Structures are given as structure tokens and as C-alpha cells.
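**Student:** A predicted structure for the sequence below; I have some questions about it.
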Amino acid sequence: MNQYTKVIGLTGAIYTKEFEKIKHHKNKVRELNEDTVIKAFKDGNTEILVIFEETGEEIIIDDFSDKELVKQYLGKKFL
């Protein structure tokens, strides 16, 4: 399952993905383009963790989430 993170702050939102490295290397966190995340979400088997910086609230959205929830937190492009 692909796991992405959307961090929503005062200045906007960014999408990130943590890439797992082998053995003793540290995992890398990279910023991604929104179109890349949209494509992966529409293909299926994807989970997006939405984090609000101000409140610390976390919401997990996946392929089986309610359409209204997806529209509210991710936008119309994800439908």
C-alpha cells in the first residue's frame, strides 16, 4: 500500500512520501507534486494521512473513505 502524507499549515499544503532505505541507512522523506498523489490515489491501494499543523489533528483517508470526506480534505481532483 502506498502511504502519502498531506501537511496542512497556514501557508498552504504539501504532499510528502517516506521512502524506505535498506539496512542501516535513514529513510528519506521527499516532497511530491499533487498530480503524482492524485494519480496514485485514483489507481487504488493508497492511503493518505492528513495532518493539520496548528491543531495536530490527524485523519487517514484511503480508497474506501466516504466521497464527501475525500472532497473535504483532499479536493475535487481526487474523485
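**Tutor:** Thanks, I have it. Numbering: from 1, shown residues only.
**Student:** Report pLDDT for the residue in the chain sticking out farthest from the centre.
**Tutor:** The C-alpha centroid of the chain is most remote from H24, which lies 26.0 Å away (CA atoms, centre = their mean). Note on H24: pLDDT of 86.
**Student:** Over to K76?
**Tutor:** Reported pLDDT for K76: 96.
**Student:** measure it to E18 for me?
**Tutor:** Per CB to CB, to the nearest Å, K76 is found 27 Å from E18. All C-beta spots, glycine's among them, are computed from the backbone N, C-alpha and C.
**Student:** what's the answer for G9, then?
**Tutor:** Taken as CB to CB, the span from G9 to E18 is 18 Å.
**Student:** What of A40?
**Tutor:** Taking CB to CB, one finds A40 at 14 Å from E18.
**Student:** who has more neighbours, the two?
**Tutor:** More neighbours sit around A40 than around the other of A40 and E18, counting by other CB atoms under 10 Å; the figures are 16 against 12.
**Student:** Name the helix or strand for the more buried one, please.
**Tutor:** helix 34-43 (DSSP states H and E).
**Student:** Output the next helix or strand after that helix in CSV with nothing but the alpha carbons.
**Tutor:** Next helix or strand after helix 34-43 toward the C-terminus (DSSP H and E): strand 46-52. Written as CSV, here are the backbone C-alpha positions of strand 46-52 (Å, rounded to 0.1, in the frame of the first residue of the first chain):
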residue,chain,number,x,y,z
THR,A,46,-3.3,4.3,-1.5
GLU,A,47,-3.6,5.8,2.0
ILE,A,48,-3.2,9.5,2.7
LEU,A,49,-2.6,10.8,6.2
VAL,A,50,-3.9,14.4,6.5
ILE,A,51,-2.1,16.4,9.3
PHE,A,52,-3.2,19.8,10.5
